[in-house]
Structure formats: C-alpha cells, structure tokens
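In: Got a predicted model here, sequence first, then my questions.
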Amino acid sequence: MEFIDSHVHLADPAFDTDRDAAVERARQSGASALVCIGESLDAARRSRELAVRFPGVCYHTAGVHPHDAAAFDRACDLDAIREEVAHGAVAIGECGLDYHYDHSPRELQRLAFGEQLALAAELRRPVVVHTREAEDDTRAMVEEAGRSGVLGVLHCYTGSAALAEAALAVGWFVSFSGIVTFKRWTADDVVRLVPDDRLLIESDAPYLAPVPHRGKRNEPAWVALTAARVAIARSNEPATIAALTAANARTLFGLA
Ligand SMILES: [Zn+2]
Ligand SMILES: [Zn+2]
C-alpha cells in the first residue's frame, strides 16, 4: 500500500523524542509523503526543517490556526507566510473557523481566515482549512475563495453533506482522519459523496489515533488504518483508496 498523509503535525513537541523514527515507521507502512502542517509560524519553520531533512518525503505548510486568530498580526504574519511559501511551503494553513472551542473571537477568526484565503489567491497556493461548527461562514468564505480560483481541502472532515458538497462544487477536496474508525462515526454517506479525484486521507497526528490505537499519540504510519476504513465505506480496496488519495494529494499540493 502506498499512501500520503495529507495532514500531520510532525513539528509538534509530541514527536520530540522520536520524530525521525516516526517518519521511518510511516515510510515502512507505505507513506510516500507527509504534509507537515504549520498551524503557526513557529510550527511552519520547524516543519520546513523537516522538509529540508527529508526531501521528497516531508513537505510543509504555513498558516495561523483559528484558535490563535486573536493574535493574528496581519502585516507580520502574512509576510511570514509569504516567506515560507518562497521557501517551498506547499499550502497555506491550517487556517479556518472553529466555533466549537471559540478560543478566539469569531470575528477575528473570520478576519484571519479571510486574509489567508486572499493570500492564497495572490500566491496561487492551495489552502488547508479547519472547520468546526462554523458551517454557514465556512461555506460562504470557501465559495467566495473558490470563485476567485483558490483551491483547498476541508481537513479532518466531520461536517455536513451540504458543506462538503458546496466545497466540492468549487473544486475543493475533502480529507478524512482516523475519526472514521471510531464507533461513534455514522457519516459514511459523507465519505461516499466525495468523488474519487477529490478524496484525501490524513492522520492529524499527534491527535485522533485511529482504532485500535485510539487514545494513544497518533502517528502517520497509522493512516493505513484510515485508508482501510474509508475503503469499507466506499466498497473499495484499501490499496486503491491509498493510491488514489496519494495521487490527489500530489495534485492539490503540487508534490513532485
Ligand atoms: Zn484542524
Ligand atoms: Zn491540524
């Protein structure tokens, strides 16, 4: 099985003791590439170091997470993201809206997200979007970005069929994490509505370890379990799901 982990926080301190070994285990399990998410400028810089250390395997992104939107500094942060893109960042994000935790005021979340979408349009880079309990605003902003030519992915998707369909309609991708392996997951219909050429899979490690590792620190090697569960939902073979999602990740992020 060959897969790509389209969303992993490998720069997270949770990997401080075995980061390189986690990359090696992922490779052994079939990962051909890992998209290392810079959910802050600091995480982006550390993810860039991984891209340098594992060329052709690790790639990095740069953005400001909605949790931290209150501290978003327009001039400074947009320049820093630009700088990361100049240094090979394959996408902007993760950014988006999270009205579940509301760690930042919603108005500031929309502001930071909007600025990052505008930067994506300017730099012609895809966007990695986090959305939780913010469907109406996410839909409006994704549709507007899509109309201006921005492509992106709704990552770790747990939202409605309607929001997924709206994103798909403007050319976007939808990514599923280990949550699809949890007992409480009942949205196989949403997994099925994503066309073969728009589907991605991810670990979101160190969070959301798939069954039977649930509760442990997650790692990219275990994306194979998510591929297997997505395959069941779509009545397909795990290796086929792994291969087509890998091809989609290469397309969206422009990986070699
Ligand atoms: Zn997220
Ligand atoms: Zn994430």
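Out: Arrived safely, thanks for sending. Ligands and ions are numbered 1, 2, ... in the order given.

In: State the paired neighbours of the longest strand seen in the chain in the sheet, together with their directions.
Out: With secondary structure taken from DSSP state E, the chain has its longest strand at strand 91-98. Partner strands and pairing direction for strand 91-98 (DSSP bridges) are strand 58-62 (parallel), strand 127-132 (parallel).

In: Could you dump the ones you listed into JSON lines with distance to residue 113 added?
Out: The way it works is simple: take the backbone N, C-alpha and C, and place the C-beta from them, glycine included. Shown next, in JSON lines, are the strands paired with strand 91-98 (distance: least, C-beta to C-beta, whole Å):
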{"stretch": "strand 58-62", "distance to residue 113": "15"}
{"stretch": "strand 127-132", "distance to residue 113": "8"}
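
In: Residue 98 against residue 39, yeah?
Out: No. Contact between residue 98 and residue 39 fails when scored by C-beta atoms under 8 Å: they sit 11.5 Å apart.

In: These two - which one has more neighbours?
Out: Neighbour totals were compared for residue 98 and residue 39, and residue 39 leads with 25 against 20 (other C-beta atoms under 10 Å).

In: does the more buried one sit in a helix, a strand or a coil?
Out: Taking DSSP: H, G, I helix; E, B strand; the rest coil as the rule, one finds residue 39 in the coil state.

In: Who are the contact partners of it?
Out: Residues in contact with residue 39, defined by C-beta atoms under 8 Å, 6 or more residues apart in numbering, are 9, 63, 64, 65, 68, 93, 94.

In: still on that earlier bit, next structured bit after the longest strand of the chain?
Out: The helix or strand immediately downstream of strand 91-98 is helix 106-123, counting by DSSP states H and E.

In: Show me what that following helix is packed against.
Out: Packing contacts for helix 106-123, counted by 3 or more C-beta pairs under 8 Å, 6 or more residues apart in numbering; DSSP states H and E, involve helix 74-86, strand 91-98, strand 127-132, helix 135-147.

In: Mind listing the strands the very next helix or strand once past the last one pairs with, and their directions?
Out: Right, helix 135-147. Using DSSP H and E, the helix or strand that follows helix 135-147 in sequence is strand 152-154. In the sheet, strand 152-154 lines up against strand 127-132 (parallel), strand 173-176 (parallel) (DSSP bridges).
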